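Colleague: Got a predicted structure plus its sequence, pasted below:
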Amino acid sequence: MIAMAQSVYGAAQCNQTPEFTMLRSLAIACSLGLPIVAQAQTSHQGHAAHMSAGAAEPAGAMEPGNDAFGALAEIVEILRSDPSTDWSRVDIAGLRAHLLDMDALFDLETVEQADTATGIILTIPTDQPGGDAAGRMVPAHAPVLTGETGWSSQVTVQEDVIEWVVEDPRDSAQIRALGFFGLMAVGNHHPAHHLAVASGHGMGH
């Protein structure tokens, strides 16, 4: 279902149609494992329903803004729903900074990839857009990747460059195909990490 939603989402995105908005929510909800509610309304009908319902959100609404705002809103709702939340430690600004770093990674223009015998070596110059974010996130993500997969994941940080070597003799083809951005996305730890950051339990990656 996720693959199908993502495929249709890509096609609809070209025209920015009302269907694009619905399919975007569907793809996001699938990736988060959230329940899907069928949406057959046109944008006009959806607006009319919203107006008649006052402040109530439509049952199928999943994304209250852009991706970063949606992730932040989700964490805020979890914190507010948990009676054990220690509000003296909550760090929403820290979560915002982390989400901005995640988005900034996609500004990287240069990531050099070379094969090793059992994986790849990635060279990321930090004197480019997104370089500062990479400098914070890659060293923190490398041990998480090892924990998630069992792969060797070693980072060396120099003055203006990061070198990241990821290797595993059984999964070398997968590692090469994933490349930098795929490796950064491996694992389902991001929501839990966002909650930890917002709860004041350290930034990490």
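Modeller: Arrived safely, thanks for sending.

Colleague: how about the strands in the protein?
Modeller: Per DSSP state E, the chain carries strands over the ranges 112-115, 119-125, 152-157, 161-167.

Colleague: among those, which is nearest residue 82?
Modeller: Residue 82 lies closest to strand 152-157 among the strands of the chain, at 32.5 Å (CB to CB). C-beta coordinates here come from the backbone N, C-alpha and C atoms, glycine included.

Colleague: hey, C-alpha coordinates of the closest one in PDB?
Modeller: C-alpha atoms of strand 152-157 as PDB (Å, rounded to 0.1, in the frame of the first residue of the first chain):
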ATOM      1  CA  SER A 152      30.000  -1.300  10.400                       C
ATOM      2  CA  SER A 153      29.400   2.500  10.300                       C
ATOM      3  CA  GLN A 154      32.500   4.600  11.000                       C
ATOM      4  CA  VAL A 155      32.700   8.400  10.700                       C
ATOM      5  CA  THR A 156      35.800  10.600  10.600                       C
ATOM      6  CA  VAL A 157      35.300  14.400  11.000                       C
END
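
Colleague: if we can go back for a sec, in TSV: the strands of the chain, plus distance to residue 89, mean pLDDT and mean neighbour count.
Modeller: What follows is the strands of the chain, written out as TSV (distance: least, CB to CB, whole Å; pLDDT from 0 to 100; neighbours: other CB atoms under 10 Å):
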stretch	distance to residue 89	mean pLDDT	mean neighbour count
strand 112-115	40	98	12
strand 119-125	33	99	19
strand 152-157	29	98	16
strand 161-167	31	99	20
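
Colleague: For residue 80, the count of nearby residues, please.
Modeller: Using other CB atoms under 10 Å, residue 80 has 10 other residues around it.

Colleague: List the contacts of it.
Modeller: Going by CB atoms under 8 Å, 6 or more residues apart in numbering, residue 80 touches no other residue.

Colleague: what's the answer for residue 128, then?
Modeller: By CB under 8 Å, 6+ apart, the residues touching residue 128 are 108-110.

Colleague: coming back round to it: could the strands of the chain go into TSV alongside distance to residue 144?
Modeller: Formatted as TSV, the strands of the chain follow (distance: least, CB to CB, whole Å):
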stretch	distance to residue 144
strand 112-115	20
strand 119-125	16
strand 152-157	8
strand 161-167	12
